[in-house]
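Engineer: need coordinates for the below:
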Amino acid sequence: MDVLVKAIAIGVGATILMDLWAIVLTAVFGRPKPNWAPVGRWFWHLKNGTVFHDDIGKAEPYAHERALGWIGHYAVGILYGIILAVIVGPGWFAAPTFLPAFILGIVTVGAGWFLLQPGLGIGVAASKLPDAGTVRALNLVAHTVFAAGLYGTALVLS
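Structural biologist: This next block holds a predicted model:
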């Protein structure tokens with residue numbers, strides 16, 4: 001397989017593992033399911049140049065925002081897979097190691113903390129939420145699971 005196809009595959013595989021992790025959190029720990037509709041609304045408003053909202057819930061709705069949120073979620077996962085492939089090069093796919101995937105997974109938490117969450121109106125690193133510390137910890141764990149998915153999918157492909 002060509003490196004781009006492998007990069008896309010590891011991004012999809014990692015995103016699927018992250019989604020399975022969310023199902024476990026819901027089933028075992030009673031955490032709410034991820035709601036991708038606000039993220040879809042946020043993506044929709046990017047076309048107008050609006051990145052940051054005081055409250056995404058008050059922004060103009062979009063009829064297909066949940067679907068767009070899911071598409072955006074997977075598109076970002078694929079983008080991260082491609083970024084990892086560019087950083088590590090094609091040789092990594094022959095003998096994947098966890099560390100590069102882990103580093104990328106943790107670094108990508110920054111996109112959520114400093115772009116998406118403020119964009120949704122919940123503050124830098126969810127600072128406007130009453131359970132911000134819990135959200136931050138769950139973000140770190142979810143992105144570690146994502147990193148494991150990047151690495152695991154690469155292992156399966158190697």
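
Engineer: counting neighbours, what do you get for Asp131?
Structural biologist: 10 (other CB atoms under 10 Å). (Each C-beta comes from the backbone N, C-alpha and C, glycine too.)

Engineer: so, low pLDDT: which residues of the chain?
Structural biologist: 1 (pLDDT under 70).

Engineer: ok, which stretches of the chain are helices?
Structural biologist: Secondary structure of the chain (DSSP state H): helices at 3-29, 37-46, 65-88, 91-94, 98-107, 109-111, 117-120, 132-157.

Engineer: can I get those helices in a markdown table with distance to Ala59 and mean neighbour count?
Structural biologist: Formatted as a markdown table, those follow (distance: least, CB to CB, whole Å; neighbours: other CB atoms under 10 Å):
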| stretch | distance to Ala59 | mean neighbour count |
| --- | --- | --- |
| helix 3-29 | 24 | 17 |
| helix 37-46 | 6 | 20 |
| helix 65-88 | 10 | 18 |
| helix 91-94 | 40 | 14 |
| helix 98-107 | 28 | 17 |
| helix 109-111 | 20 | 15 |
| helix 117-120 | 9 | 21 |
| helix 132-157 | 21 | 19 |
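
Engineer: Phe52: which of the ones you listed is closest?
Structural biologist: When those are compared by CB to CB, helix 117-120 sits nearest Phe52, at 5.3 Å.

Engineer: residues in contact with the closest one?
Structural biologist: Applying CB atoms under 8 Å, 6 or more residues apart in numbering, the external contacts of helix 117-120 come out as Pro38, Val39, Trp42, Val51, Phe52, His53, Ile56, Gly123, Val124, Ala125, Ala126.
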